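# here is a sequence with its predicted model. Questions after.
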Amino acid sequence: MNRRRTAPSKDPGNLVFGTIGWLFADLMLALAMAFLVATTVGQAAPAKAKPSPGPTPSPSPSSTFQKGLESQPISMTVEVDWQGLLSGDASAKAALQKKVRAKTSLNGRQAGLVLSFGGGLEQGTEIAKKADSALQELGEQGYVFHGTVYRPYISFGASPGTLTLDIYLLRQ
């Protein structure tokens, strides 16, 4: 008797999981290709500039400043009437303004940023805010501090009567 050999029966579970593996591999390849295509889109070539008919004039120097702040601040440590500043006393504010105006390196310049450090643990930030208000008044009068940004801080190691100002000037 001749026996006919029959092909071994395939396990249906193996057939399903085997094709799923190929499906995931194909999907991964498709996603990788989509990613590569999306990230390699180039920019259009710039339009060719037409040659100018004559020589181009060189730019003339202007009196404008370069944007940005100088890297080193002008630092001032002054003694202030901190109780007068906190209570809004005009003479305490005027005394601070006078001390700031006496700093000759500020003349003819413009401040871009002022970091003020008020002394004392509890009221240091409030003293610094009041000092910033006095400097803003100077800016309204056209002196150094017009358009300036102020940041009040507390100086833990200093007494309440000590105010430190770090004045960052705009570049010239």
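On my side now, so go ahead.

# please make it C-alpha for all contacts and neighbour counts, starting now.
Will do.

# checking Asp126 next. Helix, strand or coil?
Slight slip there: residue 126 is Glu, not Asp. helix (DSSP: H, G, I helix; E, B strand; the rest coil).

# ok, now which ones touch it?
Leu86, Gly118, Pro152 (Cα atoms under 8 Å, 6 or more residues apart in numbering).

# what kind of secondary structure is the last one in?
Reducing the assignment to helix, strand or coil with three-state DSSP, the entry for Pro152 is strand.

# burial check on Leu27, number of neighbours?
Other residues within reach of Leu27, judged by other Cα atoms under 10 Å, total 12.

# spatially central residue for this protein, please.
Gly68 (11.5 Å; Cα atoms, centre = their mean).

# and that one, how far from Gln110?
11 Å (Cα to Cα, to the nearest Å).

# if we can go back for a sec, now, of the contacts of Glu126, which are buried?
Leu86, Gly118, Pro152 (16 or more other Cα atoms under 10 Å).

# can you redo those residues as CSV with pLDDT?
Putting the buried ones among the contacts of Glu126 into CSV (pLDDT from 0 to 100) gives the following:
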residue, pLDDT
Leu86, 94
Gly118, 94
Pro152, 95
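
# thought the residue nearest to the centre of the chain was touching Arg171?
Yes - assessed by Cα atoms under 8 Å, Gly68 is found in contact with Arg171 at 6.0 Å.
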